[in-house]
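fold the following and give me the result.
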Amino acid sequence: MNKRLLKVALMALVGLGLTANSSTSLAGNTISNTTINTINTAVPFLRIAPDARSGAMGDVGIALSEDANATYYNPAKLAFASKNMAMAATYTPWLKALNINDIYLTYLSGYKKVGKNQAIGASLRYFSLGDITFTNYSGDAIGNFRPRELSFDVDYSRLLSKHLSVGLAMRYIYSNLAAGQTVNGAQVRSANGAAADLSFYYWKNVKLGDQKAKWSLGSSVTNIGTKMTYTRSAVNKDFLPANLGIGTALKMDIDKYNTVEFAFDMNKLLVPTPSMSDSVLNYQSASPISGAIHSFNDAPGGMSEEFREINYSAGVEYWYNNLFALRSGYFYENPTKGNRQYLTFGMGIHYTVFNFNFSYLVAANKGAGQTSPLNNTLRFSLLFDFNAMAADEKPVNP
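A predicted model of the protein is given here:
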């Protein structure tokens, strides 16, 4: 086997931060007498929060007030967008804590309202895993390669009522980790897949005492689609990171100049949990739909382990005069399911037709002698508001 191929696969898993600590996450290891049993999937880059606004708020986004990046979190929100058209671009250097300088994620997204009741959107995600030199058993270099992955989405959102909307997304996925190499006699090739998302969004004006507020609720089922493989001879293919997300948000205009929004999300992978009593082949043989359905009751540790598979995100955003924003948040994943735990901070600036967002991640679970590969992660987003090009357009929150 080419030694570098193992490194490529390992980097792909670390890209999602399946283990926020540097320790391994193989089934059978324990933390406080609880078995570590992480869920691994193909193309985990699809679950990396792509934008700096949500990235500064603990990766919340399902029910957060809409912007051009709603195409990732919940396309159903686009039907309620206050702007006719908007676009966004995000750049994220990845795994900087490991002193890796050539891994990065870029994300382009946008939407266009089509009449009063519907909107269309699209997004492109590109993940580069840097440059790799393949070697043989003797350690001799046999070629250079740049592993890369991408996805392209098209989205549609429509109002079902004054306060409820539905969204649908279709996705093409491409992953090329080591095409052209040979492993155990099998030719490695690029992998292709397709997936769909279904989402809903509901909002309502409420009163908290004398304070008026907007409450919203969202849900999204994402990445339900084909399984993927990197060789033609593979018997069992890998699951996509199918996910069920539920979120809520509360936005309040404190006065004429000050606005604050709180948001909370829960996410669970709709992928079978590996069982120590079954072979890998058994749980990988399930279909995507069957795997998603049984993912709610297949954990070997019972319902207590099922609840440990839920990730939690919470964030807050403050705007002053629709010009300057401060954000913060927290993300929690159970130590037996990946152990990603981090605080996030960020800011936003609205200037004429542009919105610039920045976020910074601080790992919250670093142990002695250990460094989270996600620590010090930065994200930079630029949003373009076509409506603001009109001279009489008043800036609104992105």
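
C-alpha only now, for contacts and for neighbours.
Noted.

for residue 329, see how far away residue 314 is.
Residue 314 is 5 Å from residue 329, where distance means Cα to Cα, to the nearest Å.

quick one: common contacting residues for these two?
57-59 (Cα atoms under 8 Å, 6 or more residues apart in numbering).

distance from the chain centre to stretch 311-324, please.
Taking Cα atoms, centre = their mean, to the nearest Å, the mean C-alpha location of stretch 311-324 is offset from the chain mean by 18 Å.

please read the previous query as pertaining to stretch 67-82.
Its chain's C-alpha centre and that of stretch 67-82 lie 15 Å apart, by Cα atoms, centre = their mean.

and if you look at stretch 233-241?
Centre-to-centre, stretch 233-241 and its host chain are 21 Å apart (Cα atoms, centre = their mean).

buried residues in it, which are they?
Under the neighbour-count criterion of 16 or more other Cα atoms under 10 Å, stretch 233-241 has 236-241 buried.

show the average pLDDT along it.
In this model, stretch 233-241 has an average pLDDT of 83.

just the residues contacting it, thanks.
41-44, 46-47, 186, 223-229, 269-271, 281, 284-285, 288.

out of these, which are inside strands?
Within the contacts of stretch 233-241, membership in strands is found for 186, 223-225, 269, as judged by DSSP state E.

of those residues, buried ones?
In those, the ones that pass as buried (16+ other Cα under 10 Å) are 223-225, 269.

among those residues, which two are most distant?
The distance between the two most remote of these (Cα to Cα) is 13.4 Å, for 225 and 269.

overlap in contacts of those two?
In contact with both residue 225 and residue 269: residue 242, using Cα under 8 Å, 6+ apart.

who touches stretch 338-346?
Counting by Cα under 8 Å, 6+ apart, 17-21, 25, 38, 52-53, 55-58, 326-334, 357-365 sit against stretch 338-346.

check the protein for its longest strand and report it.
Max-length strand for the chain by DSSP E is strand 191-208.

what separates that strand from the chain centre, distance-wise?
How far strand 191-208 lies from its chain's middle: 14 Å, per Cα atoms, centre = their mean.

what's the average pLDDT for that strand?
Averaging pLDDT along strand 191-208 yields 95.

go on, stretch 115-124?
Stretch 115-124 shows a mean pLDDT of 94.

could you do stretch 318-326 as well?
Average pLDDT, stretch 318-326: 94.

alpha carbons of it, as PDB, please.
Taking Å, rounded to 0.1, in the frame of the first residue of the first chain, the C-alpha atoms of stretch 318-326 are listed here in PDB:
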ATOM      1  CA  TYR A 318     -25.700  41.900  18.600                       C
ATOM      2  CA  TRP A 319     -26.100  44.600  16.000                       C
ATOM      3  CA  TYR A 320     -25.600  48.400  16.600                       C
ATOM      4  CA  ASN A 321     -27.500  50.600  14.100                       C
ATOM      5  CA  ASN A 322     -27.300  47.900  11.400                       C
ATOM      6  CA  LEU A 323     -23.700  48.800  11.000                       C
ATOM      7  CA  PHE A 324     -21.600  46.800  13.400                       C
ATOM      8  CA  ALA A 325     -22.100  43.300  14.900                       C
ATOM      9  CA  LEU A 326     -20.600  41.300  17.700                       C
END
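
which parts of that stretch are buried?
Residues 318-326 are the ones in stretch 318-326 that count as buried (16+ other Cα under 10 Å).

among those residues, which are in strands?
Judged by DSSP E, strands contain the following of the buried residues of stretch 318-326: 318-320, 324-326.

and the strands in the stretch 251-398 of the chain?
Taking DSSP state E, counting those that start in this stretch to define them, one finds strands in the stretch 251-398 of the chain at 258-269, 310-320, 324-332, 341-351, 354-363, 378-385.
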